[in-house]
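A.B. asks: build the 3D model from these lines:
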Amino acid sequence: MEQITKRLMNWASILEPNTRDQAERLSRMPFVHPHVALMPDAHLGKGATVGSVIPTVGAIIPAAVGVDIGCGMIAVRTQHTEDDFRRLLGGDLSYLRRSIEARIPLSAGKYNREIEESAKRRISELEDLAEDAGFNPATYAPNWRLQLGTLGSGNHFIEVSVDEEDRVWLFLHSGSRGVGNKIAQHHIRVAQEIATAYFIPLDDPDLAYLVEGTPEFDRYIAELRWAQHFALLNREEMMHRVIAQVELLTGIAVEMSERVNCHHNYTSRERHFGQDVWLSRKGAIDASLGTPGLIPGSMGDLSYVVVGRGNRLALHSSPHGAGRNYSRSAARRTFTHDQLREAMAGIEYRDTDAFLDEIPAAYKPIDVVMADAEDLVEITHTLHQIVNVKGD
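C.D. replies: Down below sits the predicted model:
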């Protein structure tokens with residue numbers, strides 16, 4: 001851990017100067033208490049650094065939560081060994097990949113055509129929550145119900161992995177989809193309009209904030225919590241479908257011995273250093289003592305199941321993944337389709353240059369990130385992929 005200033009603590013051994021500058025600007029906001037914690041996977045973000053933990057008193061910066069509200073991971077450990085799993089599938093993992101791709105809508109703007117029976121209970125739960133919060137999600141996305149159980153694109157994924165004991169895991173990463181994005185964009189805009197109207201000076205327009213006790217703040221918190229729950233249920237619905245496809249193709253019911261579902265773009269009410277704060281984790285997971293979590297590597301790399309060590313200076317947080325070293329456009333300019341194929345050797349995936357910006361070399365080495373996080377989490381399982389599913 002490196003103390004950059006009294007208000008900025010850093011766990012990243014790989015940290016670009018512009019990322020450090022952005023984090024320093026964020027840490028100077030007057031309502032930060034006591035400091036911003038930069039995680040090992042920290043990299044440049046919109047307004048606030050991705051891989052930052054931001055405790056605030058009396059205000060929240062909507063852009064510091066991010067536009068994919070509630071984004072996170074879910075993973076399930078099954079009873080299958082890798083050999084048994086491959087045997088049950090007839091040695092052909094490509095059929096499982098295609099079957100998952102057919103069952104779950106992939107890519108930006110791709111949604112269900114109808115509401116599946118498995119999603120109805122979850123949708124009803126979200127309808128009740130929206131009614132209690134006093135808002136209508138359809139004002140942001142009329143088809144929000146059809147978005148539940150869809151993956152999205154970018155670094156969102158569905159994977160089948162194997163751990164150090166040769167046990168098969170089902171693992172996926174997604175968030176609150178289009179409806180969550182629209183909610184986030186609306187409140188970022190509201191915060192910026194307030195800053196303009198009241199002549200509030202900001203180093204970056206995306207540091208615009210909402211003040212606790214105002215109607216704008218209350219509405220944001222209500223809709224934020226709804227979007228976070230949508231994201232959690234979205235992952236549950238997709239995992240339900242992945243499990244169903246595995247059971248269909250193997251002919252055997254999946255027995256879950258472990259299950260973890262955690263956010264890494266969210267805000268919660270917590271107490272740190274003697275003060276009740278709004279803690280925004282933008283690309284970070286809860287690593288309170290004994291809390292299970294998931295830290296995926298990049299496409300084709302290792303992933304980790306962890307438990308938190310409850311590091312006080314890190315605000316009980318840890319990294320959420322590898323963290324980008326190259327922007328998407330820079331990765332496309334730098335790497336080739338052949339390099340992607342080489343990186344994905346031995347993993348069943350859809351071979352297309354659409355995933356070039358997700359090549360492992362575009363990210364920080366996950367082993368460096370995990371070494372930096374040694375005092376934040378304890379590794380309980382190390383996973384390597386055998387199937388990878390992504391949207392374009």
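A.B. asks: Ala361 - how many residues pack around it?
C.D. replies: Neighbour count of Ala361, defined by other C-beta atoms under 10 Å: 16. In this view, the C-beta of every residue, glycine as well, is placed from N, C-alpha and C.
A.B. asks: wait, it sits on Leu340?
C.D. replies: No: look at Ala361 against Leu340 with C-beta atoms under 8 Å: they stay out of range, at 9.0 Å.
A.B. asks: tell me which residue lies nearest the centroid of this protein.
C.D. replies: Gly72 (3.2 Å; C-alpha atoms, centre = their mean).
A.B. asks: who's that residue bridged to?
C.D. replies: Ser174, His263 (DSSP bridges).
A.B. asks: what sits against it?
C.D. replies: Residues in contact with Gly72, defined by C-beta atoms under 8 Å, 6 or more residues apart in numbering, are 173-175, 231-232, 235, 261-266, 285, 294, 320.
A.B. asks: how close does it get to Leu96?
C.D. replies: In this view, Gly72 and Leu96 are 24 Å apart by C-beta to C-beta, to the nearest Å.
A.B. asks: you'd agree Gly321 is up against Met299?
C.D. replies: No: counting by C-beta under 8 Å, Gly321 stays clear of Met299, with 10.8 Å between them.
A.B. asks: overlap in contacts, the two.
C.D. replies: Common neighbours of Gly321 and Met299 (C-beta under 8 Å, 6+ apart) are Asn155.
A.B. asks: give me the more crowded residue out of those two.
C.D. replies: Comparing Gly321 with Met299 by other C-beta under 10 Å, the one with more neighbours is Gly321, at 29 against 24.
A.B. asks: now do the same for the more buried one: its pLDDT.
C.D. replies: In this model, Gly321 is scored at 95, pLDDT.
A.B. asks: OK, contacts around the residue nearest to Arg225 when sequence neighbours are not counted?
C.D. replies: Nearest non-adjacent residue to Arg225, counting by C-beta to C-beta, 6 or more residues apart in numbering: Ala133, 7.2 Å away. Counting by C-beta under 8 Å, 6+ apart, Ala133 touches Ala222, Glu223, Arg225, Trp226.
A.B. asks: from Leu233, how far out is the residue nearest to the centre of the chain?
C.D. replies: Distance from Gly72 to Leu233, by C-beta to C-beta: 12 Å.
A.B. asks: same question, Arg113
C.D. replies: 19 Å.
A.B. asks: and the two? Which one has more around it.
C.D. replies: Shown here are Arg113 and Leu233; by other C-beta under 10 Å, Leu233 has more neighbours (22 against 7).
A.B. asks: ok, Ala330 - contacts?
C.D. replies: Contacts for Ala330 (C-beta under 8 Å, 6+ apart) come out as Ala362.
A.B. asks: next one: phi and psi at it?
C.D. replies: Dihedral pair for Ala330: phi -70, psi -40, per degrees, to the nearest 10.
A.B. asks: and it, how close does it get to Glu258?
C.D. replies: Relative to Glu258, Ala330 is positioned 37 Å away (C-beta to C-beta).
A.B. asks: do Thr56 as well
C.D. replies: 34 Å.
A.B. asks: who has more neighbours, these two?
C.D. replies: Neighbours were counted for Thr56 and for Glu258 using other C-beta under 10 Å; Thr56 has more, 21 against 15.
A.B. asks: in contact with that one, which residues?
C.D. replies: Shown in contact with Thr56 (C-beta under 8 Å, 6+ apart): Met29, Phe31, Val32, His33, Tyr209, Val277, Trp278, Leu279, Ser280.
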